[in-house]
Each structure stands twice: as structure tokens, then as C-alpha cells.
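1. kindly return the folded structure for what I paste below:
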Amino acid sequence: MSPVIKVIIPAYNEVDSIGRVIRDIPKSVSEVIVVSNGSTDPTEIEAEKAGATVLYEGRRGYGYACLKGMDYVATVSPLPDIIVFLDGDYSDYPEELDKIVAPIIEYDMDLVIGARVKSLREKGSMTSPQIFGNWLATFLMRLFFRSKFTDLGPFRAIKYDKLLALEMEDKTYGWTVEMQLKALKRKYIYTEVPVKYRNRIGVSKVSGTVKGAIFAGVKILGWIFKYSFKK
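-> Okay, the predicted model is just below:
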């Protein structure tokens, strides 16, 4: 029997991209959930037109949106076997989803990260602060936890029961690193899959602003140091 796969997409003012993202998601997915994170444009309308379940989360923050999606998933039958997180800006290639979930289905992995390797990245798709931040975060995870992660890529898949066990709590920029740190602490079996990455449609809400880049960096480093000294 094929696993039940559901996708959660946090989205803030992604009217020009969200439809493309949803339409490129493989048919192996049983439900696509778009969480409009306080959008002021017709993101929700476009997502509904493309066939997604649309939720609204007025509290701004990537983690808030992801948690809203998880709350919804817990109320709908059947419960998923695998949850995939994907951004709504079309920087990822949604059609690579089957490649992301394959290690879970075929090799019983708990967590799979889509790694945005340099050879598969479109020029300019990651800013210098993003590249440095990813390098620093994954370097510190290797140093403190003997991690093998090379990226904090948002395109990722995780077993649903393993996700629930992580008791995720970050409401903003620290969501991705929190998941990876908690997976390391719980000794989850994980791997990375190289994925393509392109310039997003629209302006990034994190790397596209000085404030966003600073807050994201502080959050990420905060989680790493918190878990470095946590027994």
C-alpha cells in the first residue's frame, strides 16, 4: 500500500507563484495544505483554484504557519505517513518531491532534507548571507553533534509520527534548524538528497531584508547553542 503523503506550504503574499508550486506537486501526494501567513494579496484564492486546502494563520512567522498546518492534519482522516514541507515561492522544484520521500519509503529513513548543493543551484538563488549562514549552522552541528547535515533546506520530508515526537515549538525563523537539532538529539535516521534550486518569484521575506537575515541568523544560532549545552 502506498504511504499517505501530505504537503504543508507556508505562504505569505505568494500570489504569483503558489499556483505553479501546487500544480507541479506529484500525484503521489494525497493533500496539499497551504497556510496563508497573513497574506494581503490573493494567495489564498490562487491556492484554492490550484486545488489546495487553504488555511489562514494571522500570526506572522514561518513556524506559526507550519504549526497551523500540523494542527489541521491531526484532525483529518486518514492521518499521513509522511509530511513534506515546501516553500511557496517556487524556488524549489516540487516535482522532485518523490525523490525527497524515496529514502523514507525505500530505506525507512526518518527525515530527509533536500540539500541545495552548489552545482544544482541557479546563480543568485541563494544570497551570500544565506550561504554563509547555512555553512556556519551546519559546521556547528558537525562540531557539537557530529552531524552530517550540509544544509537547512526548507524542502524536507519526515515521518509523521517522528514529527509529532519532536514537539516542535519555534514560531519564526528557527523552525528548520530546530527540527534538525531535535532529530539529532533523538538519534533519528536521516539523510540528504541533492535538489535543484532556482531564483524565487518575488522578494524573500527573510534573506531579502536586512532585518530578516539578522533575525534568522540569531534564531538559528540560538537553537544550536541551546542544544549544545542541553543534556
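2. does the nearest residue to Gly124 once chain neighbours are set aside sit in a helix, a strand or a coil?
-> Nearest residue to Gly124, sequence neighbours excluded (Cβ to Cβ, 6 or more residues apart in numbering): Asn199, at 5.6 Å. Using the backbone N, CA and C atoms, a C-beta is placed for each residue, glycine as well. Per DSSP: H, G, I helix; E, B strand; the rest coil, the local secondary structure of Asn199 is coil.
3. pick out the residue nearest the middle of the chain.
-> By Cα atoms, centre = their mean, the mean C-alpha position of the chain lies nearest to Pro154, the distance being 3.0 Å.
4. which residue ranges form the strands in this protein?
-> Residue ranges of the strands in the chain, as given by DSSP state E, are 5-11, 31-36, 53-56, 82-85, 111-115, 156-159, 190-194.
5. ok, residues contacting the second one?
-> Under the criterion Cβ atoms under 8 Å, 6 or more residues apart in numbering, residues 6-12, 18, 22, 25, 43-44, 47, 51-57, 65-66, 68-69, 72-73, 76, 88 lie in contact with strand 31-36.
6. columns mean neighbour count, distance to Trp175 and mean pLDDT on top of the strands of the chain, output as CSV?
-> Formatted as CSV, the entries for the strands of the chain read as follows, by neighbours: other Cβ atoms under 10 Å; distance: least, Cβ to Cβ, whole Å; pLDDT from 0 to 100:
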stretch, mean neighbour count, distance to Trp175, mean pLDDT
strand 5-11, 25, 9, 98
strand 31-36, 24, 12, 98
strand 53-56, 18, 16, 98
strand 82-85, 24, 8, 98
strand 111-115, 24, 13, 98
strand 156-159, 24, 10, 98
strand 190-194, 19, 16, 98
